[in-house]
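In: sequence unknown, structure follows:
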């Protein structure tokens, strides 16, 4: 059971609050953190590639359109 709790906490699904116990994380917080992390990694890579902000944002828009089908 402890292993399952650690996995859920690592994924941001639950939060351990010391004496207050373990609770389900606020809705969207895990997804928001993952999105922010992915955005930071993408921005760093775009800068290393020498892309302009406009080109980097256009690439994201194109990828989102393609993902929506």
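Out: That came in fine, so what should we check first? What you see is a predicted model; the values in this text were computed from it and never measured. Residues are numbered from 1 along each chain as shown.

In: give me the buried positions along the top helix by length along the chain.
Out: Longest among the helix segments of the chain by residue count, using DSSP state H, is helix 29-48. Neighbour-count burial for helix 29-48 flags 30, 46 (criterion: 16 or more other C-beta atoms under 10 Å). From N, CA and C alone the C-beta is placed, and that goes for glycine too.

In: now for the residue lying farthest from the centre of the chain: which residues touch it?
Out: The centre of the chain is farthest from one residue, residue 19, which by C-alpha atoms, centre = their mean lies 27.9 Å away. Neighbouring residues of residue 19 by C-beta atoms under 8 Å, 6 or more residues apart in numbering: there are none.

In: give me the distance from the longest helix of the chain to the chain's centre.
Out: From the chain centre to the centre of helix 29-48 is a distance of 7 Å (C-alpha atoms, centre = their mean, to the nearest Å).

In: contacts for that helix?
Out: By C-beta under 8 Å, 6+ apart, helix 29-48 touches 11-13, 55-56, 59-60.

In: list the contacts of residue 8.
Out: Neighbouring residues of residue 8 by C-beta under 8 Å, 6+ apart: residue 14.

In: the particular helix or strand that has it in it to helix 29-48, inter-axis angle?
Out: If you go by DSSP states H and E, residue 8 is part of helix 2-10. On the basis of axes from the mean of the first three to the mean of the last three C-alpha atoms, to 10 degrees, helix 2-10 is oriented at 60 degrees to helix 29-48.

In: for helix 2-10, the averaged confidence score.
Out: For helix 2-10, mean pLDDT rounds to 83.

In: which other helices and strands contact the helix or strand just after it?
Out: Next helix or strand after helix 2-10 toward the C-terminus (DSSP H and E): strand 14-16. If contacts are counted by 3 or more C-beta pairs under 8 Å, 6 or more residues apart in numbering; DSSP states H and E, strand 14-16 sits against helix 2-10, strand 22-24.
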